[in-house]
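J.: no FASTA, just this:
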């Protein structure tokens with residue numbers, strides 16, 4: 001069985017948010033921190049994982065990523081706060 005896909009949001013050092021998908025959030029975060037992740041996150045450290053959710057399949061994760069990216073910043077911040085209580 002394939003690994004479950006996850007959606008994640010990082011808060012960059014400049015305060016911006018980056019959204020991505022992966023099967024291993026911690027490994028992906030380390031890739032971003034090493035400057036080998038998305039071009040957007042390079043030079044924007046420190047990077048903090050602020051949100052993650054299980055999505056199931058790759059297709060479901062891609063759809064969820066599009067939904068999150070379509071949200072306003074305020075909507076994303078509310079989602080982050082709701083996960084952290």
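T.: In hand now; what should we look at? As the structure is a computational prediction, the values presented were derived from the model and not from experiment.
J.: where do the strands sit along the chain?
T.: With DSSP state E as the criterion, the chain has strands at 5-11, 17-22, 48-56.
J.: closest one to residue 34 among the ones you listed?
T.: Evaluated with C-beta to C-beta, those place strand 5-11 nearest to residue 34, the distance being 13.6 Å. Placement of C-beta: from N, CA and C, glycine included.
J.: Name every strand pairing with that closest one and say which way it goes.
T.: Strand 5-11 pairs in its sheet with strand 17-22 (antiparallel), strand 48-56 (antiparallel), by DSSP bridges.
J.: ok, back up a step: could you dump the strands of the chain into TSV with mean neighbour count, mean pLDDT and distance to residue 84 added?
T.: Below are the strands of the chain laid out as TSV (neighbours: other C-beta atoms under 10 Å; pLDDT from 0 to 100; distance: least, C-beta to C-beta, whole Å):
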stretch	mean neighbour count	mean pLDDT	distance to residue 84
strand 5-11	21	98	12
strand 17-22	19	98	14
strand 48-56	15	97	8
